[in-house]
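In: take a look and give me a structure for this.
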Amino acid sequence: KVTRGVAAIVAKRADKVFLGNLDAKRDWGYAPEYVECMWKILQAERPDDFVIGTGEMHTVRELVEAAFSYAGLDWKKHVELDRRYLRPLEVDGLQADASKARTRLGWTPRVRFTDLVKIMVDCDLELMGCRPVGEGKKILKSAGLDWTTNRMTVG
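Out: Have a look, this model is predicted:
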């Protein structure tokens, strides 16, 4: 929602993004890497439960600040808090412990939070018909990921 909102503002299709709790903390990661971990889970010698995540928590505010800053925008001019987006039972923080996946499967996420934000903003800018800033594509390439298809080589 945040990065699509940034792209919509850059594309002049919107002026505001409406959000709820900016202090909620989440463990955000790059979905194709999570799929890579799922594939590794399926290759394990015996079935087991694994937690997939980065192990890092970041607030919605951090996501907002990073996304708007990357696109050259002042988030305070474009973000409005709306009570309709507040969750009645907000969880203070969600943080994964993927140590079992790391030790048993050899999996660890390569895309860091700030890089994830750049990848998402660039992708959404391109989807809106705008020229991406460009760092996101470079980050994906260096991580062995394909910009257009999100394909990765596993195994």
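
In: got the contact list for stretch 7-22?
Out: 1-2, 5-6, 59-61, 64, 71, 73, 78-87, 90, 121, 124-125, 127-130 (CB atoms under 8 Å, 6 or more residues apart in numbering). C-beta: built from backbone N, CA, C; applies to glycine.

In: if we use 7 Å, what do you get?
Out: Contacts with stretch 7-22, where a contact means CB atoms under 7 Å, 6 or more residues apart in numbering, come from 2, 5, 59-61, 64, 71, 73, 78-82, 85-87, 90, 121, 124-125, 127-130.

In: repeat that for stretch 48-62.
Out: Contacts of stretch 48-62 with the rest of the structure, by CB under 7 Å, 6+ apart, involve 19, 21-29, 34, 37, 41, 93, 95-98, 100-101, 109, 113.

In: can I have the buried ones of the residues you listed as a PyMOL selection?
Out: Under the burial definition 16 or more other CB atoms under 10 Å, those of these that qualify are selected in PyMOL by:
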select buried, resi 19+24+25+26+27+28+29+34+37+41+96+98+101+109+113
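
In: now, which of the contacts of stretch 48-62 lie within helices?
Out: Mapping the contacts of stretch 48-62 onto helices (DSSP state H) picks out Tyr34, Cys37, Ile41, Lys100, Phe113.

In: quick one, phi psi at the residue nearest to the third one when sequence neighbours are not counted?
Out: Just to be clear, that refers to Ile41. Nearest non-adjacent residue to Ile41, counting by CB to CB, 6 or more residues apart in numbering: Phe50, 5.4 Å away. For Phe50, the backbone dihedrals (degrees, to the nearest 10) come out as phi -130, psi 150.

In: burial check on the closest residue to Gly29 other than its chain neighbours, number of neighbours?
Out: Closest residue to Gly29 apart from its sequence neighbours, by CB to CB, 6+ apart: Thr54 at 4.6 Å. Under the neighbour criterion other CB atoms under 10 Å, Thr54 is assigned a count of 21.
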